[in-house]
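1. give me coordinates for this.
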Amino acid sequence: MGGLSKPGCDLPEALVLEILSKLPVKSLTRFRSVCKPWFSSFQTPFFITKHLHNNNHLNLLHKGFCGDTRDGVYSFSQLSTEKGRNFSVKENFHLPFSGKGWSDLVVDGPCNGILCLELGDGCDKAVLWNPSTREFKILPQPPHSTSFDFLSLGFGYDSQTDDYKVVRFVVNYFEEDSDAGSMFEHNYQVDLYSLRSDSWKEISYPGVEPYDLPPFNCYINGVYYWHATQSSAHLILSFDMVNEKFSTLPLPQSQTSEGFYSHLLDFNGLLGAIFYPVEGTEKSFDLWVMNESWTKQFSIESVPGVEMLLGFWKTGELFIESLDHQLVLFDPSTRELKNLGIHAPKWSMQITAYVESLVPINARSEHEGRIIISRPARN
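-> The predicted structure follows:
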């Protein structure tokens, strides 16, 4: 770390490091050219971890879709969180991914500022992306049969080995000859990817089938949680990234998945589940929290014009997709609904809050990967 305070100041190196670790990634990227010691220090695991712990400012990413539903491209926008900006678009990103339609790509995470982008519906790709450093990595293909259906994916961090892992469920189809002739059979397969080794391995199938609903599933403190079914019963499936073990837990007893949407979420480090009805133009929300057992935390009554809940903001507001597929902010304390002026096709929108991070993913930069970044024109 010698020479950290070199550029024209007599401050102790530890203090300089502490100050720098609280700056946004964009500033640190510029400061890399100040001197070689700074450039080197910003890449050390010590500084990357310190920056992650010292940076609690949340960024907001909006995922949508540009173009028609067959030939369009996925779009990502960073929304401004500055006071008075009303979550206006700050930057646009257009990643070089395409698919058969707007429902193909979903976002898992975040985990230490990293997102996992899941391209389904025949694309069968998973992509790690750090939107702060603009790095992305298309994961290698895992081993599988020639005929398969992608089911679901989970993403998280193993703190013991400092490794990022992706869990992938597929169902394999194969032809089997019998006395009655050829028949198609199937089996389930679970693959686990390690970023550290950049490889997949097969792990045991837990006997529970997760839903392919990443916007409704979540990652919390080393554990990924899915909605799942077992013998037609609805429950929650979890995977511990450290011990690589699955387990299950029930939904709140007074709730079923029939006729209700259910979102799993991080509620102050605990597993939360929020329920609201599928039908109706006015919807009420019930939040339950798991702390040894399920406890109902609060209810929000009769919010009009709701198609789907997209997420919570840190001050308690709800991001909502309206019935006409606009992004709307609802403040439960004032009952105010504010249209944020962003539209996307039905079910294509996602809102993800993430912290800025220098965590490397051994990936291509935005220039190598041709990620296009644009800033909206100022009025």
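
2. please report phi then psi for the closest residue to residue 236 other than its chain neighbours.
-> In space, and not counting its chain neighbours, residue 236 is closest to residue 249: 5.1 Å by CB to CB, 6 or more residues apart in numbering. Where you see a C-beta, it was placed from the backbone N, CA and C, and this is true even at glycine. Main-chain torsions, residue 249, degrees, to the nearest 10: phi -150, psi 160.

3. longest strand of the protein?
-> strand 163-178 (DSSP state E).

4. the residue nearest to residue 239 when sequence neighbours are not counted: neighbour count?
-> In this structure, residue 239 finds its nearest non-sequential neighbour in residue 224, 5.0 Å apart by CB to CB, 6+ apart. By the criterion of other CB atoms under 10 Å, residue 224 has 27 neighbours.

5. run through the bridge partners of residue 224.
-> residue 219, residue 239 (DSSP bridges).

6. okay, now the residue nearest to residue 236: neighbour count?
-> As a measure of burial, residue 249 has 13 neighbours, counting by other CB under 10 Å.

7. before we move on, the earlier item: contacts only, for the residue nearest to residue 239.
-> When contacts are counted by CB atoms under 8 Å, 6 or more residues apart in numbering, residue 224 touches 154, 155, 156, 167, 217, 218, 238, 239, 241.

8. how about 7 Å then?
-> The contact partners of residue 224, by CB atoms under 7 Å, 6 or more residues apart in numbering, come to 154, 155, 156, 167, 238, 239.

9. what's the farthest-apart pair in these?
-> 155 and 238 (13.5 Å; CB to CB).

10. which one's more surrounded, the two?
-> When residue 155 and residue 238 are compared for neighbours, residue 155 comes out ahead with 27 against 19, by other CB under 10 Å.

11. surely that one touches residue 109?
-> Yes. Because the distance of 5.3 Å satisfies CB atoms under 7 Å, residue 155 is recorded as touching residue 109.

12. and for these two, which residues touch both?
-> With CB under 7 Å, 6+ apart as the test, residue 155 and residue 109 both reach 116, 219.

13. ok so, going back, just the CA atoms of the longest strand of the chain, as CSV, please.
-> What follows is strand 163-178, C-alpha atoms only, in CSV (Å, rounded to 0.1, in the frame of the first residue of the first chain):
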residue,chain,number,x,y,z
ASP,A,163,-17.0,-17.6,-4.5
TYR,A,164,-20.1,-16.7,-6.5
LYS,A,165,-22.3,-19.6,-7.5
VAL,A,166,-25.2,-20.3,-9.8
VAL,A,167,-27.7,-23.1,-9.3
ARG,A,168,-29.6,-24.3,-12.4
PHE,A,169,-32.5,-26.7,-12.7
VAL,A,170,-33.3,-28.5,-16.0
VAL,A,171,-35.5,-31.4,-17.0
ASN,A,172,-33.9,-33.8,-19.5
TYR,A,173,-35.9,-35.7,-22.1
PHE,A,174,-34.7,-39.0,-23.6
GLU,A,175,-36.1,-41.8,-25.8
GLU,A,176,-36.4,-45.2,-24.3
ASP,A,177,-37.2,-48.5,-26.1
SER,A,178,-39.7,-50.9,-24.5
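
14. starting from that strand, tell me which strands it pairs with and how they run.
-> Sheet pairing for strand 163-178, using DSSP bridges, gives strand 148-158 (antiparallel), strand 181-194 (antiparallel).

15. quick one: closest of these to residue 356.
-> Of all the strands paired with strand 163-178, strand 148-158 comes closest under CB to CB, at 16.2 Å.

16. what comes up buried for that closest one?
-> The neighbour-count check on strand 148-158 (16 or more other CB atoms under 10 Å) flags 148, 150, 151, 152, 153, 154, 155, 156, 157, 158 as buried.
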